[in-house]
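**Q** my questions concern the predicted model and sequence given below.
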Number of protein chains: 2
Amino acid sequence: MERSSHKVSMAVIRRLPKYYRYLEGLLKKDINRISSKELSRIMGLTASQIRQDLNCFGGFGQQGYGYNVAELHNEIAKILGLNKHYSSVIVGAGNLGQAIANYSNFQRQGFELKGMFDINPKLIGLRIRDVEIHDIDNIEGFVRENDIEIGIIAVPLENAQDIADKLVAGGVKGIWNFAPFDVKVPENVEIEHVHLSESLYTLTYLLNEKDILEKKD
Amino acid sequence: MERSSHKVSMAVIRRLPKYYRYLEGLLKKDINRISSKELSRIMGLTASQIRQDLNCFGGFGQQGYGYNVAELHNEIAKILGLNKHYSSVIVGAGNLGQAIANYSNFQRQGFELKGMFDINPKLIGLRIRDVEIHDIDNIEGFVRENDIEIGIIAVPLENAQDIADKLVAGGVKGIWNFAPFDVKVPENVEIEHVHLSESLYTLTYLLNEKDILEKKD
């Protein structure tokens, strides 16, 4: 019973969407059962790691049978909150904001995009996928009136904290931040940062790893 | 000497760009020295974790003095391979491809964008930031002739593996993949996936965590 007061470790949490993605891939191939050994092989994890991860949420394995793919997919969807709908806004209607608005997984999973916002008068009033672009000055009121739960930040880093403050003032519960800046939010608001440069620099590290470690030793 | 044949753990590798980002923030504020305690506080890590991470690459601490911010920033830049230049192409010149092309950190860090590619005849021949959009059929030859090191995939998931194969055939050393599909590459090619939906689903998990864990117990 103790665990309800403790958060699951972020390492486990970050693997959950990966399970979801792999299980979705299996479903698309009409694979209905999978052994923990085979699931671990395709995901590059150990079978015991998978069991431990799933045990954080009650466990879903069936000995001598493996996992029922559709059931496990469904359970993980619920754990991830993907059985619900979320109202959202995107702040910043440039290429990045538009790319997010058009991102197919985003539309498919019940993330209802209610509005976009930009500072550029040429964009205000236009529609992307039938969603209107509003003046950035109206964020707070719009979020409050439309019970927006998720605010997505796709503005330059200089403006990111100001936008986050307005989204929080309007009452969002979570922020998905694409600006390369760790915007601060109060404890009752969840935040997830997408740091694209961290991903890119991981790649450049890997391209150079051999040289770097040889030089050191 | 043994470590040169072993790769550093991915968890450590993924923290390196984060150190780099925080140190860059300190430099911008003209902060020249920082204690390991203070660095750990702002980064949300323990001081011993930071020491351990940096020790993988030789260690850079100075007892009773802390870190020299500019030096550490510079050393981590070298470890990440950011002291080099990389020639790159972006495949997919839609909103996402254009957002990547315009991404300021990408331009700043010596990632030279040599060409973009698209399947849409209306885009072929246009220029984004003075970079020409070519026909997607010409990827392999272009990559080979221009010694392209990094290929960036910003196409729908259905086409992602085909594009990866062409980039590899042309001779890229690394792929930065934005398609929601784990494209496969040979062992001598490095790959880094940007799974935007995994980041989004982490956010929805966090929005629901309290309810989920309560229900379980």
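**A** Thanks, I have it.

**Q** quick one: contacts for A:A47?
**A** By C-beta atoms under 8 Å, 6 or more residues apart in numbering or on different chains, the contact list for A:A47 reads A:36-37, A:39-40. C-beta here means a position set from N, CA and C on the backbone, and glycine is covered the same way.

**Q** what's the spacing between it and B:P180?
**A** Look at A:A47 and B:P180: by C-beta to C-beta, to the nearest Å, they are 25 Å apart.

**Q** and stretch A:98-115, what's its mean pLDDT?
**A** Per-residue pLDDT over stretch A:98-115 has a mean of 84.

**Q** so does that stretch get close to chain B?
**A** Yes. Stretch A:98-115 is in contact with chain B by C-beta under 8 Å from any C-beta of the partner chain, via A:98-100, A:102-106, A:109, A:111.

**Q** make TSV from those and add secondary structure and neighbour count to it.
**A** Formatted as TSV, the residues of stretch A:98-115 next to chain B follow (DSSP: H, G, I helix; E, B strand; the rest coil; neighbours: other C-beta atoms under 10 Å in any protein chain shown):
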residue	secondary structure	neighbour count
A:Q98	helix	23
A:A99	helix	23
A:I100	helix	27
A:N102	helix	14
A:Y103	coil	18
A:S104	helix	11
A:N105	helix	17
A:F106	helix	20
A:Q109	coil	18
A:F111	strand	22
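
**Q** remind me, longest helix of chain A?
**A** Taking DSSP state H as the criterion, chain A has its longest helix at helix A:196-216.

**Q** and the contacts of that helix?
**A** Counting by C-beta under 8 Å, 6+ apart, A:178, A:180, B:3-4, B:7-8, B:13-14, B:16-18, B:20-21, B:57-58, B:78-82, B:84, B:86, B:100, B:103, B:105-106, B:109, B:111, B:149-150, B:173-174, B:176, B:190-192, B:194 sit against helix A:196-216.

**Q** how does it look with 6 Å?
**A** The contact list for helix A:196-216 (C-beta atoms under 6 Å, 6 or more residues apart in numbering or on different chains) reads A:180, B:4, B:13-14, B:17, B:58, B:79-81, B:105, B:173-174, B:176, B:190, B:192, B:194.

**Q** check the residues you listed and tell me the two furthest apart.
**A** Spanning the widest gap among these are A:P180 and B:S4, at 32.5 Å by C-beta to C-beta.

**Q** on that earlier part again, out of the contacts of helix A:196-216, which are buried?
**A** Neighbour counting by 16 or more other C-beta atoms under 10 Å in any protein chain shown classes A:180, B:13, B:17, B:79-81, B:105, B:173-174, B:176, B:190, B:192, B:194 among the contacts of helix A:196-216 as buried.

**Q** among those residues, which are located in strands?
**A** Here DSSP state E is the test, and the buried ones among the contacts of helix A:196-216 give B:174, B:176, B:190, B:192 as lying in strands.

**Q** and for the second one, nearest residue in space, chain neighbours not counted?
**A** The shortest distance from B:W176 to any non-neighbouring residue, by C-beta to C-beta, 6 or more residues apart in numbering or on different chains, is to B:I152 (4.7 Å).

**Q** double-check that the one you found belongs to a strand.
**A** Yes. Counting by DSSP: H, G, I helix; E, B strand; the rest coil, B:I152 falls inside a strand.

**Q** for it, list each beta-bridge partner.
**A** B:I152 has these beta-bridge partners by DSSP bridges: B:I90, B:W176.

**Q** tell me how far it lies from B:P121.
**A** B:I152 is 21 Å from B:P121, by C-beta to C-beta.

**Q** from the contacts of helix A:196-216, which shows the smallest pLDDT?
**A** Lowest pLDDT among the contacts of helix A:196-216: B:S4, 35.

**Q** just the buried ones among the contacts of A:A47, please.
**A** Listed as buried from these are A:36, A:39-40; burial here means 16+ other C-beta under 10 Å.

**Q** of these, closest to chain B?
**A** Ranked by distance to chain B (C-beta to the nearest C-beta), those are led by A:L39 at 14.4 Å.

**Q** run the chain-centre distance for the helix or strand where that closest one lies.
**A** A:L39 is part of helix A:36-43 when elements are defined by DSSP states H and E. Distance of helix A:36-43 from the chain centroid (C-alpha atoms, centre = their mean, to the nearest Å) equals 23 Å.

**Q** residues in contact with it?
**A** Contacts for helix A:36-43 (C-beta under 6 Å, 6+ apart): A:22, A:46-47, A:50.

**Q** brilliant, that's me finished.
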